[in-house]
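The following comprises the amino acid sequence and a computationally predicted model.
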Amino acid sequence: MIRYALLCDLDHAFESWFDHSSAFDKLQTSKLIECPHCGSQKIRKDLMSPQIGGLRANKRTTSNPSIAKSKDTELQNLQQEAVELARKIRGHVEKNADKVGDKFASEARKIHFEEVEPHNIYGEATSDEVNELAEDGIEIAPLPTLPEDKN
Ligand SMILES: [Zn+2]
């Protein structure tokens, strides 16, 4: 036995049992199926609602990941842009400043107190050194971190 969800031409939904799947077609063409609500003999299998339900379910499951994916892509693009910008800044600084390594704080102080010719420098400073420089009124700008720095 097969149970079919059926619809008449006025969209009355009902169910009916058939011996086998071809029985429905035979009964339908012989107009032996009647809508219990209006007596219409124009009956079709109600294939729509499970399909619509399936589509809705599919849409629901696929739309969220696709939104998440587009956000991820946006985020990745922004991160990529930020890295490119950081790379440019770093490249500019490294090209136009002298690398002083971990002597940055003392070099910055020498320049500030005009003990040496003014020149641009870059290097490493501990957070304590950065604070001390700030207390001396020496303004320094942190260089942007690049992904490869973490390696
Ligand atoms: Zn009907």
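Perfect, thanks for sending it.

Now for the closest residue to I138 other than its chain neighbours, how many residues are close by?
Closest residue in space to I138, ignoring its immediate chain neighbours: H112 at 4.6 Å, by CB to CB, 6 or more residues apart in numbering. All C-beta atoms are positioned from the backbone trio N, CA, C, and that covers glycine. By the measure other CB atoms under 10 Å, the count of residues near H112 is 16.

quick one, phi psi at H112?
phi -60, psi -40 (degrees, to the nearest 10).

Same check on Q28?
According to degrees, to the nearest 10, Q28 has phi -70, psi -50.

Quick check: bridge partners of the nearest residue to it once chain neighbours are set aside?
In space, and not counting its chain neighbours, Q28 is closest to I43: 5.8 Å by CB to CB, 6+ apart. Judged by DSSP bridges, the bridge partners of I43 are C8.

Tell me the pLDDT of I43.
Note for I43: predicted pLDDT of 91.

What segments of the protein are strands?
2-8, 13-18, 43-45, 98-101, 121-123 (DSSP state E).

For the ion, find the nearest of the ones you listed.
With CB to the ion, the closest approach to the ion among the strands of the chain belongs to strand 2-8: 3.2 Å.

hmm, that closest one touching the ion?
Yes - Strand 2-8 reaches the ion (CB under 5 Å from the ion) through C8.

centre of the chain versus that strand, how much separation?
In terms of CA atoms, centre = their mean, to the nearest Å, the gap separating the centre of strand 2-8 from the centre of its chain is 42 Å.

Mind checking the pLDDT average for it?
88.

Residues in contact with that strand: which ones?
Contacting residues not belonging to strand 2-8 are listed as 13-21, 23-24, 33, 35, 37-38, 40, 42-46, 48-50 [CB atoms under 8 Å, 6 or more residues apart in numbering].
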